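A.B. asks: My questions concern the predicted model and sequence given below.
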Number of protein chains: 2
Amino acid sequence: MLTDRQLLILRAIVDDYIKTAQPVGSRTLSKRDDVTFSSATIRNEMADLEEMGLIEKPHTSAGRVPSESGYRFYVDHLIQPGTLTARETRALRSLFAHSANENDRLIKHTADLLGELTHYTALVLGPKQEQHRLHHLELIPLADGKVVIVLVTETGHVEHKTLTLPEALSKEATDRLMERLNHTLQGTPLSLLGKRIAEEMQRYRSEHSEQTALLSNALEIVLSDQRRESPSIYLGGKAYMFDQPEFQDVAKLRPVLELIEKQEALLDFMTPELDNQILITIGSENNVDALKDCSVIRAHYSVDGVSLGTLAVIGPKRMDYNRGINSIIHLLQAFQTELRKNGLD
Amino acid sequence: MLTDRQLLILRAIVDDYIKTAQPVGSRTLSKRDDVTFSSATIRNEMADLEEMGLIEKPHTSAGRVPSESGYRFYVDHLIQPGTLTARETRALRSLFAHSANENDRLIKHTADLLGELTHYTALVLGPKQEQHRLHHLELIPLADGKVVIVLVTETGHVEHKTLTLPEALSKEATDRLMERLNHTLQGTPLSLLGKRIAEEMQRYRSEHSEQTALLSNALEIVLSDQRRESPSIYLGGKAYMFDQPEFQDVAKLRPVLELIEKQEALLDFMTPELDNQILITIGSENNVDALKDCSVIRAHYSVDGVSLGTLAVIGPKRMDYNRGINSIIHLLQAFQTELRKNGLD
DNA sequence: TGTTAGCACTCATGTTTATTGAGTGCTAAT
DNA sequence: ATTAGCACTCAATAAACATGAGTGCTAACA
């Protein structure tokens, strides 16, 4: 167990290092107002903290730097909540005021805002569409046997596909088919849509003419394909990565930026098993090599108890956890409110 | 006017520098197979070329490096066409084979492909939607007075907006309105849609009940807004930027990557006055500070004589112009063919 | 007269050597 | 238990030097 003084020193080291990115030495610390004891005492305590694995020195004659365990301890025990400044709260409110009632834009907006609040790169994982329920299917014929099929969910989410049919179809036949599909499938979650539509089509084909077989086939393929589309990830504040001193080296910067652009890779990362709390992972805890020098703060957002997606902030291990956590908490609130207002998507 | 020997030397310098990124000296050159004269002679010629402003030296005792004018001359006079390797052509064909018949994907795909071919970052400016003509409007009511309006163009392009109406509307009223709108507005270019719809609505409102005034108002706002959406830009091969030795310094890399993410900034850049040729701009010729160390190759693509958008490759001034130009030419062909097949978008 | 060998000169780059100073650990005195 | 004091370490910076790739110029050559 750590003594109060050790806690004070550890917190001071982490705080200082977060601010300056420079190893912090005993003399520097001894000059702080809240430190009443001498640098020699600090050195002794530091030696102990180092033995416990909470801090380390880059080399013999350098100051101390928090180790990963040090950050972990800091995050778990030493962070004092703190709040957003009035200005930030105002910014948050006014910025949301402008946001459209389309959820796509709202999400993009949220990502930007989170970046701006934290000065780190922000990620927002959009809601999985599998849970959405079908509201309406519309089939719109174009020239040349091409057909646009539009799918609207109960939440107002719209998807569309274009397909080309080898033969023209009679309007009556398609109308009949669509009416039937809409009738039978309304309310089906997108995740089941593929299967349901296959069943329905089989029944339909046995009852009806060969002509619509073509269409039904195409529909089946197209709509079951929808299901596979993974939710998208929105980025905000990408440029903040450039500001971090630890990423001034392109070799360090590159893997992070590359990972961030890779939707697939991020997907795993953004859908962690996660109690309804905020999850902070530090360096190697991320289990992703590209993020071994980064820390990530994640939180799920939900509406009416249904978890929909994830907010995340990504920065160097020497991240301002306080600010990150606070920003994400506040934004989470505002964002969820906004989402609920829009009708959940 | 340059002598043949000077041309040979200039070309050799540029070629060499493109390959190695190292200043090239007279001795190195004299060892090439196609050089029959001595390093001293080369030095004399180099002095002349330098006097003409075609090459320069980073410092007194370094080799020579092409100046911007040097690249310009090289591009204008010294490039020999060359072709893609068989493997590349095959890759190109097979990759397009997989591409969906949605133009969005086709374009994204093209951007990736262009990046892969050139090993530079590629940009594709999507077609302006202003020229598209309206094919169909569909209005789909959701719960809570929310309404999704879906717009389909003759080319199969789909846009949608969600709006919230303060009062519920009768099905008949909306059906009547939509039928009329579809009838009147079909074939209207999106660029004119805002105006047309305003006119039409005015007429309509005078004829019909107050109730639909709400809807028509909303529609007017929503649809005229569409017009403002600028065409999007697709990126491919972003990561190749990291490979360039000239961008190993974050300070150099940053402005370029930042610019590339900025849709608005790129828009100007991607819509240049451009004869139907390929346009190459080198360094300061780009008139964009962030690109002062870059060269850009651009080409418009068109279908049936209508210019639709732009392909571009962006790399260091020391870019492999040959490869860039060839790739863009071949891809341009393939892409346009594919687009025509899809029906122009 | 154009070409080339030769040579002095330049200057980025790399290596070695000192110098400095921020930091530590340990010990002895308080 | 705390702290002053001191010897020690080592990154960082600077200065001194060597190296070598490159140049420009001149004089000899074909």
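C.D. replies: Structure's in. What do you need?
A.B. asks: which parts of the longest helix seen in chain A are buried?
C.D. replies: Longest helix of chain A, by residue count under DSSP state H: helix A:321-342. Neighbour-count burial for helix A:321-342 flags A:321-332, A:334-336, A:338-339, A:342 (criterion: 16 or more other Cβ atoms under 10 Å in any protein chain shown). All C-beta spots, glycine's among them, are computed from the backbone N, C-alpha and C.
A.B. asks: same deal with stretch A:236-253?
C.D. replies: Residues of stretch A:236-253 classed as buried: A:236-238, A:240-242, A:244, A:246-247, A:250, A:252-253 (neighbour count, 16+ other Cβ under 10 Å).
A.B. asks: looking at chain A, which helix or strand does the model trust least?
C.D. replies: Ranking every helix and strand in chain A by mean pLDDT, DSSP states H and E puts helix A:211-226 at the bottom, with a mean of 68.
A.B. asks: So the helix or strand sitting right after that helix along the chain, near chain B or not?
C.D. replies: Next helix or strand after helix A:211-226 toward the C-terminus (DSSP states H and E): strand A:233-236. No: Strand A:233-236 lies apart from chain B when judged by Cβ under 8 Å from any Cβ of the partner chain; the minimum separation is 9.0 Å.
A.B. asks: helices or strands next to strand A:233-236 in the packing?
C.D. replies: helix A:103-118, strand A:121-125, helix A:263-270 (3 or more Cβ pairs under 8 Å, 6 or more residues apart in numbering or on different chains; DSSP states H and E).
A.B. asks: Could you tell me which strands it is paired with, and in which direction each runs?
C.D. replies: Here strand A:233-236 is paired, per DSSP bridges, with strand A:121-125 (antiparallel).
A.B. asks: in the stretch 151-300 of chain A, which spans are strands?
C.D. replies: When assigned using DSSP state E, counting those that start in this stretch, the strands of the stretch 151-300 of chain A occupy the ranges A:158-164, A:233-236, A:278-282, A:294-303.
A.B. asks: Tell me how many other residues crowd whichever residue of chain A sits closest to DNA strand C.
C.D. replies: The minimum distance from chain A to DNA strand C, using Cβ to the nearest atom of the strand, falls at A:Gly25 (2.6 Å). Using other Cβ atoms under 10 Å in any protein chain shown, A:Gly25 has 19 neighbouring residues.
A.B. asks: Now do the same contact list for it.
C.D. replies: A:62-64 (Cβ atoms under 8 Å, 6 or more residues apart in numbering or on different chains).
A.B. asks: quick one: which of the residues you listed is most hemmed in?
C.D. replies: A:Arg64 (28 neighbours).
A.B. asks: Just give the closest residue to that residue, not the sequence neighbours.
C.D. replies: For A:Arg64, ignoring the flanking residues on the chain, the nearest one in space by Cβ to Cβ, 6 or more residues apart in numbering or on different chains is A:Ile55 at 4.3 Å.
A.B. asks: Quick check: which of the helices and strands packed on strand A:233-236 is nearest to B:Ile282?
C.D. replies: strand A:121-125 (32.6 Å; Cβ to Cβ).
A.B. asks: now the angle between helix A:103-118 and the closest one, please.
C.D. replies: 150 degrees (axes from the mean of the first three to the mean of the last three Cα atoms, to 10 degrees).
A.B. asks: and strand A:121-125, how far from the chain's centre?
C.D. replies: Here strand A:121-125 is found 4 Å from its chain centre; the criterion is Cα atoms, centre = their mean, to the nearest Å.
A.B. asks: The helix or strand that it is followed by close to chain B?
C.D. replies: Using DSSP H and E, the next helix or strand after strand A:121-125 towards the C-terminus is strand A:134-141. Yes: Strand A:134-141 lies within reach of chain B by Cβ under 8 Å from any Cβ, at A:135-136, A:138, A:140.
A.B. asks: which neighbours does strand A:134-141 have in its sheet, and in what orientation?
C.D. replies: Short version: by DSSP bridges, strand A:134-141 pairs with strand A:146-153 (antiparallel).
A.B. asks: Need the residues that contact the partner strand.
C.D. replies: Against strand A:146-153 from outside (Cβ under 8 Å, 6+ apart): A:129, A:132-142, A:158-165, A:190, A:215, A:218-219, A:222-223, A:226, B:138, B:140, B:142, B:148, B:150, B:152, B:156, B:158, B:160, B:343.
A.B. asks: Present the strands of the stretch 151-300 of chain A as TSV; the columns should include mean pLDDT.
C.D. replies: Output for the strands of the stretch 151-300 of chain A, formatted as TSV (pLDDT from 0 to 100):
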stretch	mean pLDDT
strand A:158-164	82
strand A:233-236	95
strand A:278-282	95
strand A:294-303	94
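A.B. asks: Nearest to DNA strand D, out of the ones you listed?
C.D. replies: Across the strands of the stretch 151-300 of chain A, closest to DNA strand D is strand A:294-303 (Cβ to the nearest atom of the strand), at 21.7 Å.
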